[in-house]
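Trainee: pasting the sequence and the predicted model now:
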Amino acid sequence: SITSALKFVYRSSGVGGLYRGLGPTLIAMFPYVGVEFMVYETLKRRWEMHVGPVGTAALLLLGAAGGAAAQASAHPLDVIRRRMQMQNMEEAKRDDDVD
């Protein structure tokens, strides 16, 4: 359960353990949001130049394209973040098993 996981992290790593991975998460957010915004706005401007006013369906499509590009670019940072979060939990679990 979530409660038992929080207790485990707190016991094994203290309050700092609850925030493990926060730095990489914040660092990964900036390129994600930047790429998403850039792709969406670029596609929207081009749509308006070549097709005309952007309707709701087009906005959804352009937003999906921006989100897909952002996720593709941010995925390596997300993998690193998750590994950092799990690494110390595995070490703490081994230490707990030894005690």
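Mentor: Structure received.

Trainee: find the centremost residue of this structure, please.
Mentor: Central residue of the chain (C-alpha atoms, centre = their mean): residue 78, 5.5 Å from the mean position.

Trainee: test my guess that that one contacts residue 28.
Mentor: Yes. Between residue 78 and residue 28 there is a contact at 5.9 Å, judged by C-beta atoms under 8 Å. Yep, even glycine has a C-beta here, placed from its N, CA and C like the rest.

Trainee: in stretch 80-87, what counts as buried?
Mentor: For stretch 80-87, the buried set under the neighbour-count rule, 16 or more other C-beta atoms under 10 Å, comprises 81, 85.

Trainee: state the mean pLDDT of that stretch.
Mentor: Taken as a whole, stretch 80-87 has an average pLDDT of 78.

Trainee: what's the local residue count around residue 24?
Mentor: Residue 24 has 17 neighbours, counted by other C-beta atoms under 10 Å.

Trainee: got the contact list for it?
Mentor: The neighbourhood of residue 24, defined by C-beta atoms under 8 Å, 6 or more residues apart in numbering, consists of 77, 80-81, 84.
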